[in-house]
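give me the fold of what follows.
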Amino acid sequence: MSKIKSVTTHVVAAPVEKPFTSSRGWLYKMRGTCLVEIETDDGVVGWGECYGPSAVAKSFIDTQLAAHVIGRDPFDVEVIWEYLYNRIKDYGQTGMAIAAISGIDIALWDLIGKLTGKPVHKLIGGAFRTEVEAYATGLYFIDFDRLIEEAVEEAEGFCARGFRAIKMKIGLGDLNRDVARVAAVRKAIGPNVRLMVDSNHCFSVPNAIRLGRKLEELDIEWFEEPISPEDIDGYVEVTRALDMAVAGGENDFTRWGFRDKIVRKAMDIVQPDVCAAGGITECKKIAAMATAHGVECVPHAWGSAVGLAATLQFLAAIPDQPPCLFPRPPLLEFEQEENPFRDHLAKEPIVQHSGIVKIPGGPGLGIEVDRSVIDKYRKA
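Reported below is the predicted structural model:
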């Protein structure tokens, strides 16, 4: 019986040629992540990823979690999850503590898949689909003298590459500027490309409602993170006021963090991130709870090929919500800003063709990590 021999964290980072920003205001000059490598005593390796500041995730795993994983049976993945969570519950119910557990959990599922010779989706219930439609996340703010022009050019580029769904950033401080920018993109891409907006929780409740009503005229599929994630009552107000879907949850953690938002239907779409919300183990529970309350689950994704592969495995195992003759399956968020760890970390990169991404069918996460990329960009 395999036992866990080691837990190793790898922090990697690379500069961005064209720094970009969102409504949060800080400039993204680097892309990086914390990768988790778990090896068994018979030499099998599983990979995971943690969302958020990489050095913090590394420190949390190295000092608080790794010692409690070594020596265990990797197949006890849920037992390990509960043990780790209960050890840190007094100081780590959210945030980086849960992101650290997420990286370990993903790596364990990758290990189990490799030990059994099956993809993760076969181990968590099977595949409702073998491919998913991807939407391109982009259209950040780069050149503030060309905000409309750069958005239109980028959106047209996504369409030329085959994407049939796009998510763009909003939150320019002036509601009319946001409307003008979204309207220009909608006109450029036409009515047959799905378009979503994401404000990274920069609006007040009244302004989110005012802007949302204007954006509804532009056939926007969902309004993501209109307000601060702590304000559940505010989310209820915004969701009830708008006809278009309201989405959120990338900054929420565990089934307990999602519980009240789902039960109260504070948003139409919840967006747990497998690298942040508790890993594949916990995101399956979040998705099940959402389904029970008639809320859609469309996971957030931002990171390397490891996190992207884990998201695809999770997406394969989510049922259509609602089930129907002509369903609209959950979309894959395929972030498109410069990121060598998304594009080069897997020896066979995850790519889209005509807006479609296939679910990896190999053992575990279905990708093979290129260690030379880790060595090239290693920071710690």
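
state the helix or strand in which the nearest residue to Pro322 once chain neighbours are set aside lies.
Leaving aside its sequence neighbours, Pro322 sits nearest to Gly294 (Cβ to Cβ, 6 or more residues apart in numbering; 7.3 Å). Every residue, glycine included, has its C-beta placed from N, CA and C. Here Gly294, judged by DSSP states H and E, is contained in no helix and no strand.

pLDDT wise, what is the most centrally placed residue in the chain at?
By Cα atoms, centre = their mean, the mean C-alpha position of the chain lies nearest to Ala301, the distance being 2.0 Å. At Ala301 the predicted local confidence, pLDDT, stands at 98.

quick revisit: pretty sure the residue nearest to Pro322 contacts Pro323?
No. Here Gly294 does not reach Pro323: they are 11.6 Å apart, not a contact under Cβ atoms under 8 Å.

if we can go back for a sec, how about the residue nearest to the centre of the chain, what does it touch?
By Cβ atoms under 8 Å, 6 or more residues apart in numbering, the contact list for Ala301 reads 273-274, 307-308, 311, 332-335.

quick one, strands of the stretch 101-250 of the chain?
For the stretch 101-250 of the chain, the strands defined by DSSP state E, counting those that start in this stretch occupy 131-138, 165-169, 194-198, 222-224, 245-248.

got the buried residues for the first one?
It stands for strand 131-138. 131-138 (16 or more other Cβ atoms under 10 Å).

Leu35 falls within a strand, correct?
Yes. Per DSSP: H, G, I helix; E, B strand; the rest coil, Leu35 lies within a strand segment.

please shift the residue numbers so they start at 4 in all later answers.
Renumbered: residue one is now 4, and that last one reads Leu38.

that one - how many residues pack around it?
Neighbour count for Leu38, taken as other Cβ atoms under 10 Å: 28.

go on, Val249?
Other residues within reach of Val249 by the criterion other Cβ under 10 Å amount to 24.

name the nearest residue to Glu20, ignoring sequence neighbours.
Excluding the flanking residues, the one nearest Glu20 by Cβ to Cβ, 6+ apart is Glu341, at 6.0 Å.

out of the strands of the stretch 104-253 of the chain, which gets nearest to Val372?
Comparing the strands of the stretch 104-253 of the chain by their distance to Val372 (Cβ to Cβ), the top pick is strand 134-141, with 21.3 Å.

for that closest one, name the packing helices and strands.
The contact analysis (3 or more Cβ pairs under 8 Å, 6 or more residues apart in numbering; DSSP states H and E) places strand 134-141 against helix 150-163, strand 168-172, strand 197-201, helix 308-319, strand 335-338, strand 359-361.

in JSON lines, list the contacts of Ala304 along with pLDDT.
Shown next, in JSON lines, are these (pLDDT from 0 to 100):
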{"residue": "Asp276", "pLDDT": "98"}
{"residue": "Val277", "pLDDT": "98"}
{"residue": "Gly310", "pLDDT": "98"}
{"residue": "Leu311", "pLDDT": "98"}
{"residue": "Thr314", "pLDDT": "98"}
{"residue": "Leu335", "pLDDT": "98"}
{"residue": "Glu336", "pLDDT": "98"}
{"residue": "Phe337", "pLDDT": "98"}
{"residue": "Glu338", "pLDDT": "97"}
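
low-confidence bits of this protein, can you list those?
Scanning the chain for pLDDT under 70 picks out 383.

so which residues of it form helices?
Secondary structure of the chain by DSSP state H: the helices cover 57-63, 80-91, 99-119, 123-126, 150-163, 178-192, 208-219, 235-244, 257-266, 282-295, 308-319, 343-346, 374-380.

for the fourth one, name the packing helices and strands.
Here helix 123-126 touches helix 99-119, helix 308-319, going by 3+ Cβ pairs under 8 Å, 6+ apart.

check the fifth one too.
Contact partners of helix 150-163 among helices and strands, from 3+ Cβ pairs under 8 Å, 6+ apart: strand 134-141, strand 168-172, helix 178-192.

ok, and what's touching that helix?
139, 141-142, 144-146, 169, 171, 175, 180, 183-184, 187-188, 191-192, 196, 339.

could you list the buried residues of it?
Buried residues in helix 150-163 (16+ other Cβ under 10 Å): 150, 153-155, 157-158, 161-162.

out of these, who's nearest Gly116?
When the buried residues of helix 150-163 are ranked by distance to Gly116 (Cβ to Cβ), Phe161 comes first, at 31.7 Å.

now for the strands of the stretch 104-253 of the chain, which one comes closest to Leu368?
Of all the strands of the stretch 104-253 of the chain, strand 134-141 comes closest under Cβ to Cβ, at 15.1 Å.

what pairs with that closest one, parallel or antiparallel?
strand 168-172 (parallel), strand 335-338 (parallel), strand 359-361 (antiparallel) (DSSP bridges).

of all those, which one is nearest Asp263?
For Asp263, the closest of the strands paired with strand 134-141 is strand 335-338, at 23.9 Å, according to Cβ to Cβ.

the domain parsing of this structure - what is it?
The record's domain parsing of the chain by automatic domain parsing lists 7-120+374-380, 125-361.

output those domains in a markdown table; the columns should cover distance to Gly367.
Below are the domains of the chain laid out as a markdown table (distance: least, Cβ to Cβ, whole Å):
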| stretch | distance to Gly367 |
| --- | --- |
| domain 7-120+374-380 | 3 |
| domain 125-361 | 9 |
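
who does Glu42 bridge with?
Bridge pairing for Glu42 - DSSP bridges - gives Ser9, Val48.

next one: it from Lys8, what distance?
Note on Glu42: its distance to Lys8, by Cβ to Cβ, to the nearest Å, is 5 Å.

rewinding a little: among the strands paired with strand 134-141, which is nearest Arg262?
The nearest among the strands paired with strand 134-141, by Cβ to Cβ, is strand 335-338 at 23.0 Å.
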